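Visitor: only the shape, not the letters, is given here:
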């Protein structure tokens, strides 16, 4: 299964936290960790993130006009 952040390769891994073993998927490229609880939380809050406007890209907000360069004439 590809990573949802970077489209990298995920591998299964067992994490031991507080005496509990948790099976997770870790991305080899970006280090993103996903388990069952994280997936449920992302699915339940997905509709909230779609209603917010997307942050515009910097280049689209601030178009820089470059002066035209004329060739040097003698």
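Guide: Yep, that arrived. On a predicted model such as this, the values are computed, not experimentally measured, just so you know.
Visitor: quick one, helices of this structure?
Guide: Assigned by DSSP state H, the helices in the chain fall at 36-44, 46-51, 58-61.
Visitor: for the residue nearest to residue 32 when sequence neighbours are not counted, phi and psi?
Guide: Excluding its sequence neighbours, the residue lying closest to residue 32 (C-beta to C-beta, 6 or more residues apart in numbering) is residue 5, at 5.0 Å. C-beta: built from backbone N, CA, C; applies to glycine. Dihedral pair for residue 5: phi -90, psi -50, per degrees, to the nearest 10.
Visitor: got any ranges where the chain has weak pLDDT?
Guide: Residue ranges of the chain with pLDDT under 70: 46-69, 71-74.
Visitor: which residues does the residue lying closest to residue 25 once chain neighbours are set aside bridge with?
Guide: The shortest distance from residue 25 to any non-neighbouring residue, by C-beta to C-beta, 6+ apart, is to residue 10 (4.3 Å). Listed beta-bridge partners, residue 10: residue 27 (assigned using DSSP bridges).
Visitor: residue 10 reaches residue 3, doesn't it?
Guide: Yes - the criterion here is C-beta atoms under 8 Å, and residue 10 meets it with residue 3 at 5.6 Å.
Visitor: give me the common contacts of those two.
Guide: residue 27 (C-beta atoms under 8 Å, 6 or more residues apart in numbering).
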